[in-house]
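>>> Just need the structure, nothing else, for what follows:
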Amino acid sequence: MRAVLLFLVMILTASAATAGRLVVPEAVCVPAEANAITLAHVARAEGEEAMAFLERWGATPVALAPQAIGGRVRILGRDLQQAVAGRIPVPAPPLAFPEAIVVQRGGQVVAVERLRPALEQALGAHLAALGGEVRITQWRLPQWFFIAADAPVRFRLAPPSALSGSIPVRVEAVDEAGVVRDVLSGVVLAEVWAEVPCAARSLSRGEVVQEQSVVRMRMDLAALGRPVWDGAGMGAVRVRSAVPQGRPILAEMVEPVPVVERGRMVRVVFDNGRLRLAVPGQSLEDGGVGSVIRVRNLQSQRVVEARVVDESTVRVGGI
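Numbering: from 1, shown residues only. Coordinates of the predicted model:
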């Protein structure tokens with residue numbers, strides 16, 4: 001009895017596979033010259049009987065095409081199913097309809113999911129500039145990329161304007177001549193994890209950052225949103241404002257330890273490549289070696305910007 005049952009199951013399975021079905025995707029393009037959307041434009045046959053049915057009735061119109069080339073129309077799956085049942089006089093194979101289908105007149109459509117691996121690789125290369133472990137957590141892109149051009153295109157990711165957190169992305173469809181034919185825009189959420197310098201204890205404003213006052217902690221650079229101090233110049237930089245214990249030390253929080261203090265008398269060297277002279281001056285700001293500060297020329301009383309050379313010299317020209 002079990003052998004008979006198995007035989008019947010095999011027979012039924014083979015019959016269903018032979019009959020097949022008609023499958024309608026969620027997005028298609030019809031030829032630019034088409035004024036009507038036919039069953040063959042939107043349906044794909046699976047199985048021998050379904051293929052024969054589509055060959056016989058595929059030219060049956062089921063909806064009006066968009067008026068303009070490049071235009072789109074959204075058709076509900078139930079409306080499409082009713083159109084097939086009302087216009088074809090014989091029973092159709094099983095029909096697999098989506099809730100709705102978007103049809104574009106002319107051009108082509110690509111499932112964005114197919115582009116994801118290449119896009120993720122390209123975006124990861126950009127995010128690697130932050131110097132950490134990249135994790136793309138969410139893609140917020142349309143499901144379909146409709147392209148107006150019929151000619152073959154390739155896809156590229158335009159360099160993102162932001163490299164962390166919520167990243168606007170722009171995917172371009174480019175033809176063989178390098179012309180951008182269409183653009184798909186969206187947002188990607190990403191994390192970039194790295195060991196970053198943090199305050200081992202609370203740091204007071206103006207405190208020199210020493211090695212023992214810094215501890216490295218693993219953090220998401222994307223969540224910070226601003227560049228982190230790279231830890232260079234330990235002992236030669238100070239914090240501009242107080243940093244609580246455990247907080248990351250951002251690049252904007254540190255500055256060189258001033259070798260010239262506000263109010264200090266300095267030698268102001270003017271150098272334009274042809275003429276070099278030195279006059280007495282007074283610093284109007286603190287400044288470390290290499291920083292640009294305002295100084296007063298005590299001979300002319302003019303205020304100029306100068307680069308700090310050492311504790312007693314600033315230079316004007318070529319800064």
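
>>> Any regions of this structure where pLDDT drops low?
Along the chain, segments meeting pLDDT under 70 span 1-19, 130, 162-164, 318-319.

>>> Mind jotting down where the helices sit in it?
2-19, 39-42, 48-57, 77-87, 112-127, 221-224 (DSSP state H).

>>> okay, those helices, which one's buried deepest?
helix 39-42 (a mean of 21; mean count of other C-beta atoms under 10 Å). Where C-beta positions appear, they are placed from N, C-alpha and C, glycine not excepted.

>>> Could you list the residues in contact with that helix?
22, 24-25, 28, 30-31, 34, 54, 57-60, 62, 80, 84, 88, 101, 103 (C-beta atoms under 8 Å, 6 or more residues apart in numbering).

>>> now do 6 Å
Here helix 39-42 makes contact (C-beta atoms under 6 Å, 6 or more residues apart in numbering) with 24, 28, 30, 58, 60, 62.

>>> so the last one touches Ala83, yeah?
Yes: applying C-beta atoms under 6 Å, one finds Val62 in contact with Ala83, separated by 4.1 Å.

>>> picking up where we left off before, reformat the helices of the chain as CSV; add distance to Met234.
Formatted as CSV, those follow (distance: least, C-beta to C-beta, whole Å):
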stretch, distance to Met234
helix 2-19, 71
helix 39-42, 66
helix 48-57, 72
helix 77-87, 65
helix 112-127, 27
helix 221-224, 20
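
>>> still on that earlier bit, Throw the contacts of helix 39-42 into a markdown table and include distance to Val308, thanks.
Formatted as a markdown table, the contacts of helix 39-42 follow (distance: C-beta to C-beta, whole Å):
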| residue | distance to Val308 |
| --- | --- |
| Val24 | 72 |
| Val28 | 67 |
| Val30 | 70 |
| Gly58 | 80 |
| Thr60 | 83 |
| Val62 | 78 |
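
>>> Which of the residues you listed fall within strands?
Among the contacts of helix 39-42, DSSP state E puts 28, 30, 62 in strands.

>>> which ones are touching the closest residue to Pro258 other than its chain neighbours?
Computed as C-beta to C-beta, 6 or more residues apart in numbering, the closest residue to Pro258 that is not its neighbour in sequence is Asp286, at 3.8 Å. With contacts defined as C-beta under 6 Å, 6+ apart, Asp286 is in contact with 258, 261-262.

>>> about what we covered before: could you save the ones in strands among the contacts of helix 39-42 as JSON lines and add columns showing distance to Trp139?
Shown next, in JSON lines, are the ones in strands among the contacts of helix 39-42 (distance: C-beta to C-beta, whole Å):
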{"residue": "Val28", "distance to Trp139": "23"}
{"residue": "Val30", "distance to Trp139": "28"}
{"residue": "Val62", "distance to Trp139": "33"}
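
>>> Show me which of those is closest to Gln212.
Ranked by distance to Gln212 (C-beta to C-beta), the ones in strands among the contacts of helix 39-42 are led by Val28 at 66.0 Å.

>>> on that earlier part again, which among the helices of the chain is found nearest to Gly290?
Among the helices of the chain, helix 221-224 comes nearest to Gly290, with 26.0 Å by C-beta to C-beta.

>>> Off-centre distance for that closest one?
Using C-alpha atoms, centre = their mean, to the nearest Å, the distance from the centre of helix 221-224 to the centre of the chain it belongs to is 15 Å.
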